[in-house]
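*Asks:* Okay, predicted coordinates and the sequence, questions at the end:
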Amino acid sequence: MAARHASELELMRFDDDFDGSIRLDEPMSRHTTYRIGGPVRAFAEVNSIAALGSLLKVCADENLSWFISGKGSNLLVSDDGYDGVVISLAGEFRSWRFDDALQHVVVGAGTMLSRLVQEVFHHGYSGMEFAVGTPGTVGGALVQNAGTRKDWIGSRVVSVTTYNAQKGLKRYAASDLSWGYRTSHFPSDEIIVECELKLEKAFSGNIHERMSVLLSKRKESQPLDYPSCGSVFRNPENGSAGELIESVGLKGRSCGGACISEKHANFIVNTGSATANDVLTLINLAREEVRRRYGIELETEVRFLGFKD
């Protein structure tokens with residue numbers, strides 16, 4: 001029997017010039033806030049633009065699909081996994097620098113949003129309080145325009161830098177970008193690698209007080225004791241997805257190890273043994289019941305990976 005030749009992706013794991021790491025057949029349950037998800041072809045961390053470019057070239061050469069994942073919040077991965085490469089931005093993508101003259105911060109897309117909130121606070125700046133307690137990375141926050149109806153990350157953007165394997169780096173000024181409620185409009189073939197945000201100097205005591213109030217509200221209203229993806233559905237205009245789901249009697253409804261939270265009906269939690277199919281069953285049930293009762297089509301905020309259409 002002829003020996004099987006290793007693929008470029010497999011060989012890349014042992015390339016000393018590759019600034020990153022690659023794990024084959026990696027369970028995504030280790031990389032999502034849901035603690036759910038089957039194995040992916042490869043899970044790669046890249047520490048630099050050069051490493052990202054090299055990895056994307058290998059994916060193109062081997063006709064492999066790829067997906068950028070931050071910390072796996074707002075993500076539901078199929079129990080069967082994903083036959084592609086999941087890429088996590090590490091190294092230089094998790095750095096930041098402050099420009100005190102402009103009162104701006106330039107931050108890598110792989111930086112945890114919670115870490116950025118703390119760094120901004122410790123430097124005596126205001127502007128990121130709305131994101132306190134929000135999971136995920138800065139890049140993910142930009143893609144989904146994380147925030148509330150009053151404050152959102154898009155309103156803080158001075159510029160965003162993206163990367164495309166063929167075209168390289170591209171910088172978007174704030175005037176080039178448009179934002180919606182929990183949405184952005186970046187090209188699907190471009191990866192956000194960095195952004196610049198505007199801040200304001202403020203008294204640290206006032207910043208801390210606002211952060212404490214917002215964090216207390218999150219703890220009181222959200223089921224933080226169980227793994228989840230955060231809010232499952234976007235709130236419809238002038239309404240609340242959680243209140244709609246509760247009004248059709250689904251609060252506390254379970255399927256396998258997944259449960260529509262008793263604390264907040266727009267959260268589906270993993271009580272310990274949930275599968276992706278359990279969660280998907282409850283998502284579909286909530287959408288169907290709200291549509292049947294009110295004629296409202298709930299739009300999912302969670303992203304899906306590895307599911308067959």
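*Replies:* Nice, I can see it.

*Asks:* the helices in the stretch 151-300 of the chain, which residues?
*Replies:* With helices called from DSSP state H, counting those that start in this stretch, the stretch 151-300 of the chain shows them at 204-221, 241-247, 276-294.

*Asks:* so which of the ones you listed gets nearest Gly37?
*Replies:* For Gly37, the closest of the helices of the stretch 151-300 of the chain is helix 276-294, at 6.6 Å, according to Cβ to Cβ. Bear in mind the C-beta positions are built from the backbone N, C-alpha and C, glycine included.

*Asks:* Buried ones in that closest one, by neighbour count?
*Replies:* Residues of helix 276-294 classed as buried: 276, 278-283, 285-287, 289-290 (neighbour count, 16 or more other Cβ atoms under 10 Å).

*Asks:* what does it rub up against?
*Replies:* 34, 36-38, 76-79, 232-233, 244-245, 247-250, 253-260, 265, 268, 270, 296-298, 300, 302, 307 (Cβ atoms under 8 Å, 6 or more residues apart in numbering).

*Asks:* swap the cut-off to 7 Å and go again
*Replies:* Helix 276-294 is contacted by residues 36-37, 76-79, 232, 244-245, 248, 250, 253, 255-258, 260, 268, 296-298, 300 when judged by Cβ atoms under 7 Å, 6 or more residues apart in numbering.

*Asks:* Give the buried residues for stretch 157-173.
*Replies:* Residues 157-163, 165, 172 are the ones in stretch 157-173 that count as buried (16+ other Cβ under 10 Å).

*Asks:* export the buried residues of helix 276-294 to TSV and tack on distance to Leu11?
*Replies:* Supplementary listing: these in TSV, determined by distance: Cβ to Cβ, whole Å:
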residue	distance to Leu11
Ala276	31
Asp278	38
Val279	36
Leu280	36
Thr281	41
Leu282	42
Ile283	39
Leu285	46
Ala286	45
Arg287	44
Glu289	51
Val290	50
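
*Asks:* on that earlier part again, select from the buried residues of stretch 157-173 every entry located in strands.
*Replies:* 157-163, 172 (DSSP state E).

*Asks:* okay, among these, which ones form the most distant pair?
*Replies:* Every pair of these checked by Cβ to Cβ; the farthest is Val158 and Tyr163, at 18.3 Å.

*Asks:* Would you enumerate the residues in contact with the closest residue to Arg253 other than its chain neighbours?
*Replies:* The spatially closest residue to Arg253, leaving aside those adjacent along the chain, is Ile260, at 4.9 Å (Cβ to Cβ, 6 or more residues apart in numbering). The neighbours of Ile260, taking Cβ under 7 Å, 6+ apart as the test, are 245, 250-253, 268, 282, 286.

*Asks:* Just the buried subset of those residues, written out for PyMOL, thanks.
*Replies:* Of the contacts of Ile260, the buried ones go into a single PyMOL selection, burial set by 16+ other Cβ under 10 Å:
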select buried, resi 245+250+251+253+268+282+286
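
*Asks:* Excluding chain neighbours, what is closest to Gln144?
*Replies:* The spatial neighbour of Gln144 that comes closest, neighbours along the chain excluded (Cβ to Cβ, 6+ apart), is Arg182 at 5.5 Å.

*Asks:* Wait, Gly256 touches Asn270, no?
*Replies:* No: at 9.8 Å, Gly256 does not count as touching Asn270 under the criterion of Cβ atoms under 7 Å.

*Asks:* So which residues of the stretch 51-200 of the chain form strands?
*Replies:* 66-68, 75-77, 82-89, 96-99, 104-108, 125-126, 157-164, 168-173, 179-180, 183-184, 191-198, 200-201 (DSSP state E, counting those that start in this stretch).

*Asks:* In the fifth one, which residues are buried?
*Replies:* Taking 16+ other Cβ under 10 Å as the basis for neighbour counts, the residues of strand 104-108 that come out buried are 104-108.

*Asks:* One more: the third one?
*Replies:* Neighbour counts using 16+ other Cβ under 10 Å place 82, 84-89 of strand 82-89 among the buried residues.

*Asks:* With respect to His122, which of those residues is nearest?
*Replies:* Closest approach between the buried residues of strand 82-89 and His122, by Cβ to Cβ: Leu89, at 23.0 Å.

*Asks:* residues touching Gly139, list them.
*Replies:* Gly139 makes contacts with 70, 89, 109-110, 192, as judged by Cβ under 7 Å, 6+ apart.

*Asks:* low-confidence ranges in the stretch 201-309 of the chain?
*Replies:* Scanning the stretch 201-309 of the chain for pLDDT under 70 picks out nothing.

*Asks:* one more time with 80
*Replies:* Confidence mapping of the stretch 201-309 of the chain against pLDDT under 80 gives the ranges 309.

*Asks:* Roughly how far does Ile68 sit from Val106?
*Replies:* Plainly put, Ile68 is 20 Å away from Val106 if you go by Cβ to Cβ, to the nearest Å.
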